[in-house]
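In: Sequence first, then the predicted structure:
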Amino acid sequence: MRYVLGIHLGATRVSAAVCRYRGGVWTSAEVVPIGGRTPWAESVLHVSDQGDLLVGQAALHRAVTEPERVARAPLHRTGDPVPFVLGEATYPAETLAAGMIGWVADRVAEAEAAHAERIVVTHPPSWSSYRRGLLHQALDTAELPGVLALPSPVAAAENHLASPDGEPVEPGRLLAVCAIGGVHVETALLRRTPAGVELLAHNKSSEHEAGCRLDDLVVRHVLDRADIDGNDPYAMGRLRAAALAAKERLSSSTDVFVTDTVSLSRQEFEEFAAPVLRSAIGKLRSLLEPVPEGQLAAALLVGGSARIPLAAALARTMLPCPVVVDHDPGTALCRGAALAARPRPRPRPAAARGPEPLEGRVSEPEKPGTSLAPELDDLPVRYGEQGRGDGTEGEAGEAVEPPPRRPPVEITPLEPPRRRFSLARRSGSAHDRDEER
């Protein structure tokens, strides 16, 4: 089945969603579980001596024995002149990011039994054309040409505008976005246009002001009440994973056990989470101060930490506009990217009819679109299907005849193709470059 793919490479998690072409229309976005039992994978990759990639849990397992070959969140370091040093080789961040995008595309292709017709990847709103260009070059090297890059706040707006439960946003109105992720807090202001949305302003917090900070507070809560050696990396790794799981369960439960002996209530969690979430919402409020009254249509909360009920409660008291939290804010960005990837058919010519007098002719105003993806022609009618009656694929009611049969072709075996997502290494190893100095 034909489909388009949206990918979000976050600082802590990677997620993907697809829109399928079914029954002559493009469907809504659906998340593809690339993490096996979870709809996401950890934003961690492992590179072997031969350049083979492992992503997610498989990479984390290798991190125990080969930590020197593991990299985290490479997309966010795109453009950094200091490369990743993995083993004896160095890799630019954009090369690893392209490899991770290719890994996701392959996992989805396995699930869908076909490759995506178009791929859209989100990126931080602060990126310049230089950083986007580096990513595109790396994607070309990884044999993924034509991938579109979309600012993450635009993906959030695309997801909101396509929601059947959302209020329509008229052109000229503004949308605010607050992405509370695992590491950063990103805020942005966008304007609705007849063609989609445009990014007006954005801001980004420093590191460890979002979900990771909340994990640290849960870990501290446990260490103060349990006999756990804070210098034992294995014990602390297990504790941090338990703290993350407990934080997520508290979004729907009132009490959880972090360990076998230490529990945490939602009230206790909200007491130490409130300053972190209030600071995140305060960054969006500062960005919105110059906005005239009545221009804001809504504020969108996305990101995994937006699931916390306190985040929406604080936003509704601190922001001067309606607050919208997606039913699954952790995957809102990849779903918005998939929606933006859907082709937009050009208007079909009107049926032939008699001429109308110029006087009194009224043209309907063009309805605003929701996608930034360029317009494409309608998908062609397949052989044997009925024509549409627009003069392009046969008259209405007539089946399109297939082309004449080709003569038999003798196929000669070819050499096997090279591995698809090979990683481009910097010339020489780290030891060689040290010797050159």
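Out: Okay, I see it.
In: I'd say L174 and Q295 touch.
Out: Yes. In this structure, L174 is within contact of Q295 by Cβ atoms under 8 Å, at 4.9 Å. Yep, even glycine has a C-beta here, placed from its N, CA and C like the rest.
In: And the two? Which one has more around it.
Out: In terms of neighbours (other Cβ atoms under 10 Å), L174 is the more surrounded of L174 and Q295; the figures are 21 against 13.
In: hey, what's the more buried one bridged with?
Out: According to DSSP bridges, the residues that bridge with L174 are R191, L296.
In: Might you report the residue contacts of it?
Out: Taking Cβ atoms under 8 Å, 6 or more residues apart in numbering, we find L174 in contact with 189-192, 200, 291, 295-297.
In: And A201, by the same measure?
Out: Contacts for A201 (Cβ under 8 Å, 6+ apart) come out as 188-189, 287.
In: go on, P292?
Out: Contacts for P292 (Cβ under 8 Å, 6+ apart) come out as none.
In: in which helix or strand would I find W127?
Out: Secondary structure from DSSP states H and E places W127 outside every helix and strand.
In: And the one 5 residues further on, by the same measure?
Out: Taking DSSP H and E as the criterion, the element that holds R132 is helix 129-141.
In: right, and the helix or strand after that helix?
Out: strand 148-151.
In: Contacts for that following strand, please.
Out: Here strand 148-151 makes contact (Cβ under 8 Å, 6+ apart) with 118-125, 127, 132, 135-136, 188, 199, 202, 337, 340-341, 372-373.
In: try stretch 238-253
Out: By Cβ under 8 Å, 6+ apart, the list of residues contacting stretch 238-253 from outside reads 211, 214-215, 218-219, 222-223, 228, 256-259, 264, 266, 269, 304, 307-309.
In: coming back round to it: quick one: which of the contacts of L174 is nearest to V32?
Out: Nearest to V32, judged by Cβ to Cβ, of the contacts of L174 is L190 at 26.4 Å.
In: Do you have the strands of the stretch 201-350 of the chain handy? List them.
Out: Remark: strands assigned in the stretch 201-350 of the chain by DSSP state E, counting those that start in this stretch are 255-257, 263-265, 296-302, 323-325, 344-345.
In: The closest residue to A341 other than its chain neighbours: what secondary structure?
Out: Distance criterion Cβ to Cβ, 6 or more residues apart in numbering; nearest residue to A341, sequence neighbours excluded, is V4 at 3.8 Å. Following DSSP: H, G, I helix; E, B strand; the rest coil, the label given to V4 is strand.
In: Could you pull up the residues touching V4?
Out: Shown in contact with V4 (Cβ under 8 Å, 6+ apart): 18-19, 26, 116-120, 338, 341-343.
In: switch to 7 Å and redo it
Out: In this structure, V4 makes contact with 18-19, 116-118, 338, 341-342, judged by Cβ atoms under 7 Å, 6 or more residues apart in numbering.
In: returning to that earlier point: ok, of the contacts of stretch 238-253, which come out buried?
Out: 211, 214-215, 218-219, 222, 256, 258-259, 264, 266, 269, 304, 307-308 (16 or more other Cβ atoms under 10 Å).
In: And stretch 8-19, what's buried?
Out: Residues of stretch 8-19 classed as buried: 8-19 (neighbour count, 16+ other Cβ under 10 Å).
In: for the record, mean pLDDT for that stretch?
Out: Stretch 8-19 shows a mean pLDDT of 95 in the predicted model.
In: Just the endpoints, please. Distance across it?
Out: 15 Å (Cα to Cα, to the nearest Å).
In: can you give me how far that stretch is from the chain middle?
Out: 4 Å (Cα atoms, centre = their mean, to the nearest Å).
In: Likewise for stretch 329-341?
Out: 6 Å.
In: average model confidence for it?
Out: With pLDDT averaged residue by residue, stretch 329-341 scores 96.
In: what's it in contact with?
Out: Residues outside stretch 329-341 that contact it (Cβ under 7 Å, 6+ apart): 4-8, 15-19, 29, 31, 39, 118-122, 148, 150, 152, 155-156, 158-159, 162, 301-304, 306-307, 326, 371-373.
In: buried stuff in the lengthiest helix in the chain?
Out: The longest helix of the chain (DSSP state H) is helix 266-288. Across helix 266-288, burial judged by 16+ other Cβ under 10 Å covers 266, 269-270, 273, 276-278, 280-281, 283-285, 287-288.
In: what sits against G133?
Out: For G133, the contact set (Cβ under 7 Å, 6+ apart) is empty.
In: Please apply the same query to I180.
Out: By Cβ under 7 Å, 6+ apart, I180 lies in contact with 210, 280, 301, 303, 305-306, 311.
In: and if you look at M318?
Out: Counting by Cβ under 7 Å, 6+ apart, M318 touches 281-282, 285.
In: Also L300?
Out: Contacts for L300 were tallied using Cβ under 7 Å, 6+ apart; they are 156, 160, 175-177, 324.
In: And for T12?
Out: 42-43, 181-183, 211.
In: Can you convert the residues you listed into TSV and add a column each for secondary structure and distance to V64?
Out: Converted to TSV, the contacts of T12 look like this (DSSP: H, G, I helix; E, B strand; the rest coil; distance: Cβ to Cβ, whole Å):
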residue	secondary structure	distance to V64
E42	strand	14
S43	coil	18
G181	coil	26
G182	coil	21
V183	coil	22
G211	helix	23
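In: ok, so of these, who is nearest A63?
Out: For those, the minimum distance to A63 (Cβ to Cβ) is 10.0 Å, reached by E42.
In: circling back: looking at the contacts of I180, which are in helices?
Out: Using DSSP H, the subset of the contacts of I180 located in helices is 280, 311.
In: What is the most widely separated pair among the contacts of I180?
Out: Longest distance between any two of the contacts of I180 is 12.1 Å, between A210 and L301; criterion Cβ to Cβ.
In: where exactly do the helices run in the stretch 51-200 of the chain?
Out: Under the criterion DSSP state H, counting those that start in this stretch, the stretch 51-200 of the chain contains helices at 57-65, 93-112, 129-141, 152-161.
In: Dump those into CSV; add mean pLDDT as well.
Out: Below are the helices of the stretch 51-200 of the chain laid out as CSV (pLDDT from 0 to 100):
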stretch, mean pLDDT
helix 57-65, 88
helix 93-112, 95
helix 129-141, 94
helix 152-161, 96
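In: Point out the most buried one among those.
Out: Most buried of those, by mean neighbour count (mean count of other Cβ atoms under 10 Å): helix 152-161, with a mean of 28.
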